[in-house]
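> I'd like to go over a predicted model; first the sequence, then the structure.
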Amino acid sequence: MKIVVIGGTGLIGSKTVAMLRENGHEAVPASPNTGVNTITGEGLAEALDGAQVVIDVSNSPSFERAAVLEFFETSTRNLLAAEAEAGVGHHVAVSIVGTERIPDNGYFAAKIAQEQLIEKSGNPFSLLHATQFFEFTRGIADTATEGNSVRIAPVLYQPMAGDDVAQAVTRVSVGSPLNGRTEIAGPEQFRMDEFFRDALAGWGDPRQVVTDVHARYFGSELSERSLVPGDGATLGKIRYRDWAAQNAAGK
């Protein structure tokens, strides 16, 4: 099966391409690095020729509210139109658990707009709502840092490994379209402040995690369940401590 992975040279995309190829599929990474641009349309028709499935794990180069909305709307419209023209039978897109719970967040609002375009397109589709990735832990801590303090809310948090995300994307992409959404998450649930306190300690990082109910997550305040899935989510297998140990060893 020919499967085109938009954003296929990024974190989740490259892992997904590798897994699909291991399972015998013709997985094609598509990104500006490979000559495919979903904003301008460059190389898109050629990449989708003969494809049965398209997976979209692309990301906006800017997180500024207007820019990220323009990226996801333009890219998704172009992609859906090209898929319809090419006769692609399944559109798979990765989104975020909790998009509808943080409406003031510009990035989340852009992902909602992307999902709405997909749902209304008439193209067969599957939406995967994923929790935060382990790989972004250090970056999140950095954005929450003020001086020597890292301000984190004590809300529920259930991050997952990029490998588990790619595994879920691979599984859904080779199945029948859901024409709906499903949630994926890590195998363990934490308090977010405690998770980051343990993570920084594991890095030997001298910054202090400060528990703050008003701490912002990429500009937005969080409620108790903003970032965790509901009942019935598919859980990954990789625990954070195991992932951290493997990455510390350079594996």
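Thanks, I have it. Residues are numbered from 1 along each chain as shown.
> in CSV, list the C-alpha atoms belonging to the longest helix seen in the chain.
Ranked by residue count under DSSP state H, the longest helix found in the chain is helix 65-86. Only the C-alpha atoms of helix 65-86 are listed here, as CSV (Å, rounded to 0.1, in the frame of the first residue of the first chain):
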residue,chain,number,x,y,z
ARG,A,65,-1.9,32.8,16.5
ALA,A,66,-2.7,34.2,13.0
ALA,A,67,0.2,32.4,11.4
VAL,A,68,-0.6,28.9,12.8
LEU,A,69,-4.2,29.2,11.8
GLU,A,70,-3.3,30.2,8.3
PHE,A,71,-0.8,27.3,8.1
PHE,A,72,-3.3,24.6,9.1
GLU,A,73,-6.2,26.0,7.1
THR,A,74,-4.2,26.5,3.9
SER,A,75,-2.2,23.3,4.2
THR,A,76,-5.3,21.2,5.0
ARG,A,77,-7.5,22.7,2.2
ASN,A,78,-4.7,22.1,-0.4
LEU,A,79,-4.1,18.6,0.9
LEU,A,80,-7.8,17.5,0.9
ALA,A,81,-8.3,18.9,-2.6
ALA,A,82,-5.3,17.0,-3.9
GLU,A,83,-6.4,13.8,-2.2
ALA,A,84,-9.9,14.1,-3.8
GLU,A,85,-8.3,14.6,-7.2
ALA,A,86,-5.9,11.6,-6.7
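> which neighbouring elements make contact with that helix?
Secondary-structure packing of helix 65-86 (3 or more C-beta pairs under 8 Å, 6 or more residues apart in numbering; DSSP states H and E): helix 44-48, strand 53-56, strand 90-96, helix 106-120. Where C-beta positions appear, they are placed from N, C-alpha and C, glycine not excepted.
> ok now that helix, how far from the chain's centre?
17 Å (C-alpha atoms, centre = their mean, to the nearest Å).
> great, nothing more from me.
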